[in-house]
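> this one's sequence-less:
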């Protein structure tokens, strides 16, 4: 089984310049197998032939590797800390320096649940005062299909399990078994494709420059080996403004070299401030 999976990955490398060396191999195997099942439970060998003979399939498979399934307010404690500690701290700092622009980047945003969750919290904090602040919110993912779904902003009930009733009524329009983000919230976020492994840039093109007050990169690093994790973390660190905050996933760990540059804000969540 492993040999045929390696053949598939080598084919992607030669045909699409997809460097799989930085990914955890077991994750790639699972995603290949999921794709095979999706196409009708054909054998890995038959799928390899299908991959070679269908020009669009390599792209679909690579995008399948990148999908990070999530839901709104995943890891509720982290979002509680964001609402009660991080957002008030960022706003207070801006007011002291007479600045009225807050810059946010959700990196590896998948279908947009995380980005919309954060946007709701900022809206809840500011209320009517939101007009006095300019929220520059960028959300990116490698997968163009995920970005299109995020822009549409329509989700099923599975994604809604952590959404409080008040937020559900305020920020969603309920349909037949679906929930759609209201237009005002959609318009507050710029969704675009971006490759976190791109070595010649450290922030989305649409943002022009980094200098982010808040960066979220949650449950993304777990898919990569230490070399690629370091590449991504260096990129995110460079994109942060002085005293900027970065949020990681609960199972993700910073290496010693990054602990010298980032201070953990709470022992209960993977939230760090740039020193």
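Structure's in. What do you need? Because the structure is a prediction, the values reported are computed rather than measured.

> counting contacts, what elements does the lowest-mean-pLDDT helix or strand in the chain pack onto?
Scoring the helices and strands of the chain by mean pLDDT, DSSP states H and E places helix 256-259 at the bottom, with a mean of 84. Contacting helix 256-259 under the criterion 3 or more CB pairs under 8 Å, 6 or more residues apart in numbering; DSSP states H and E are the following elements: helix 226-239. Any C-beta I mention is one placed from the backbone N, CA and C, and that applies to glycine too.

> next SSE after the helix it packs on?
Elements were assigned by DSSP states H and E; along the chain past helix 226-239, the next helix or strand is strand 240-248.

> Adjacent strands (with direction) for that following strand?
Using DSSP bridges, the strands paired with strand 240-248 are strand 212-217 (parallel), strand 271-274 (antiparallel).

> Distance from the chain centre to it, please.
Relative to its parent chain, strand 240-248 has a centroid offset of 15 Å by CA atoms, centre = their mean, to the nearest Å.

> So what touches that strand?
For strand 240-248, the surrounding residues in contact (CB atoms under 8 Å, 6 or more residues apart in numbering) are 78, 82, 86, 90, 93, 103, 210-218, 221, 236-237, 254, 262, 265, 269-274.

> Tell me where the stretch 1-150 of the chain is predicted with low confidence.
Residues of the stretch 1-150 of the chain meeting the criterion pLDDT under 70: 1-2, 41, 67-68, 128-131.

> For it, just list every one of the helices.
2-16, 25-38, 44-53, 57-66, 76-81, 87-96, 113-126, 144-152 (DSSP state H, counting those that start in this stretch).

> quick one, domains of the chain?
If you go by automatic domain parsing, the domain ranges for the chain are 2-66, 76-274.

> Which stretch among the ones you listed is buried most, on average?
domain 76-274 (a mean of 17; mean count of other CB atoms under 10 Å).

> what's the span of that domain, first residue to last?
Across domain 76-274, the terminal residues are separated by 23 Å (CA to CA, to the nearest Å).

> Distance from that domain to the middle of the chain?
For domain 76-274, the distance to the chain centre is 7 Å (CA atoms, centre = their mean).

> Then stretch 267-275?
Counting by CA atoms, centre = their mean, stretch 267-275 comes out at 17 Å from the chain centroid.

> quick check: mean pLDDT across it?
Averaging pLDDT along stretch 267-275 gives 94.

> now what about that stretch, what contacts it?
Contact with stretch 267-275 is made by 75, 77-78, 81-82, 86, 218, 237, 240-250, 252, 254, 260-265, as judged by CB under 8 Å, 6+ apart.

> ok so, going back, quick one, which of the helices of the stretch 1-150 of the chain is nearest to residue 165?
Closest approach to residue 165 among those is made by helix 113-126 (13.1 Å; CB to CB).

> Next, the angle from the closest one to strand 240-248.
120 degrees (axes from the mean of the first three to the mean of the last three CA atoms, to 10 degrees).

> Dump the helices of the stretch 1-150 of the chain into a markdown table; add distance to residue 184 as well.
Formatted as a markdown table, those follow (distance: least, CB to CB, whole Å):
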| stretch | distance to residue 184 |
| --- | --- |
| helix 2-16 | 38 |
| helix 25-38 | 35 |
| helix 44-53 | 43 |
| helix 57-66 | 29 |
| helix 76-81 | 20 |
| helix 87-96 | 19 |
| helix 113-126 | 9 |
| helix 144-152 | 14 |
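
> so can I have TSV of the strands paired with strand 240-248 showing distance to residue 120?
What follows is the strands paired with strand 240-248, written out as TSV (distance: least, CB to CB, whole Å):
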stretch	distance to residue 120
strand 212-217	14
strand 271-274	18
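
> Specify the stretch among those strands that is closest to residue 99.
Nearest to residue 99, of those and by CB to CB, is strand 212-217 at 9.5 Å.

> any idea of the mean pLDDT for that closest one?
97.

> Contacts made by it with the rest, please.
Contacts to strand 212-217, defined as CB under 8 Å, 6+ apart, come from residues 86, 90, 94, 102-109, 114-115, 118, 196, 203, 232, 236, 239-241, 244-248.

> angle of that strand against helix 87-96?
Here strand 212-217 points in a direction 160 degrees away from that of helix 87-96 (the same axes, to 10 degrees).

> For residue 78, which non-adjacent residue is spatially closest?
residue 269 (4.4 Å; CB to CB, 6 or more residues apart in numbering).
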